[in-house]
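Peer 1: Would you be able to build a 3D model of this:
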Amino acid sequence: MSATGEEVRCIELVELVTGYVERMLDTPEVERLEAHIAICEGCRTYLDQMRETIDALGHLPEEAISDEAREELLVAFAGWKRASG
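Peer 2: As a prediction, this is how the structure comes out:
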């Protein structure tokens, strides 16, 4: 990840979007992301889609997903975390 004050690349936004939406990033990171979002239509669209997805999924009860689907998602996310780390 680039140092604070440097321009954000689209891939960084994708990696940090959850923290941004959940307000878990520090102020310098938020400012960097917001500066990028202001000039990048693709990332604005991506951010809007993520917010809509989070909002929609937030209304699903945990029981709405089968145990098998839940396990598949956990494995997929664990694999993604290892691959991106």
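
Peer 1: name the helices or strands packed onto the helix or strand harbouring Glu31?
Peer 2: Glu31 is part of helix 27-39 when elements are defined by DSSP states H and E. Where contact means 3 or more CB pairs under 8 Å, 6 or more residues apart in numbering; DSSP states H and E, helix 27-39 is packed against helix 10-21, helix 41-57. To be clear about C-beta, it is placed using only N, CA and C from the backbone, and glycine gets the same treatment.

Peer 1: closest to Phe77 out of those?
Peer 2: helix 10-21 (11.1 Å; CB to CB).

Peer 1: quick revisit: how about the helices and strands packed on helix 27-39 in JSON lines, adding distance to Arg32?
Peer 2: Formatted as JSON lines, the helices and strands packed on helix 27-39 follow (distance: least, CB to CB, whole Å):
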{"stretch": "helix 10-21", "distance to Arg32": "8"}
{"stretch": "helix 41-57", "distance to Arg32": "12"}
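
Peer 1: any idea which of those is most buried?
Peer 2: Across the helices and strands packed on helix 27-39, averaging neighbours per residue (mean count of other CB atoms under 10 Å) puts helix 10-21 on top, at a mean of 15.

Peer 1: Figure out how far that one is from the centre of its chain.
Peer 2: 5 Å (CA atoms, centre = their mean, to the nearest Å).

Peer 1: tell me the angle it makes with helix 41-57.
Peer 2: 40 degrees (axes from the mean of the first three to the mean of the last three CA atoms, to 10 degrees).

Peer 1: which residues touch helix 10-21?
Peer 2: Helix 10-21 is contacted by residues 1-2, 24-25, 29-30, 33, 36-37, 40, 42-43, 46-47, 50-51, 54, 84 when judged by CB atoms under 8 Å, 6 or more residues apart in numbering.

Peer 1: Can I get that helix in PDB, CA atoms only?
Peer 2: Output of helix 10-21 as PDB, limited to C-alpha atoms (Å, rounded to 0.1, in the frame of the first residue of the first chain):
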ATOM      1  CA  CYS A  10      -8.200   1.600  -8.100                       C
ATOM      2  CA  ILE A  11      -6.900  -1.700  -6.700                       C
ATOM      3  CA  GLU A  12      -6.300  -0.100  -3.300                       C
ATOM      4  CA  LEU A  13      -9.800   1.200  -3.200                       C
ATOM      5  CA  VAL A  14     -11.100  -2.300  -3.900                       C
ATOM      6  CA  GLU A  15      -8.900  -3.700  -1.100                       C
ATOM      7  CA  LEU A  16     -10.000  -1.000   1.400                       C
ATOM      8  CA  VAL A  17     -13.700  -0.500   0.500                       C
ATOM      9  CA  THR A  18     -15.100  -2.500   3.300                       C
ATOM     10  CA  GLY A  19     -13.100  -0.600   5.900                       C
ATOM     11  CA  TYR A  20     -14.200   2.600   4.200                       C
ATOM     12  CA  VAL A  21     -17.900   1.700   4.200                       C
END
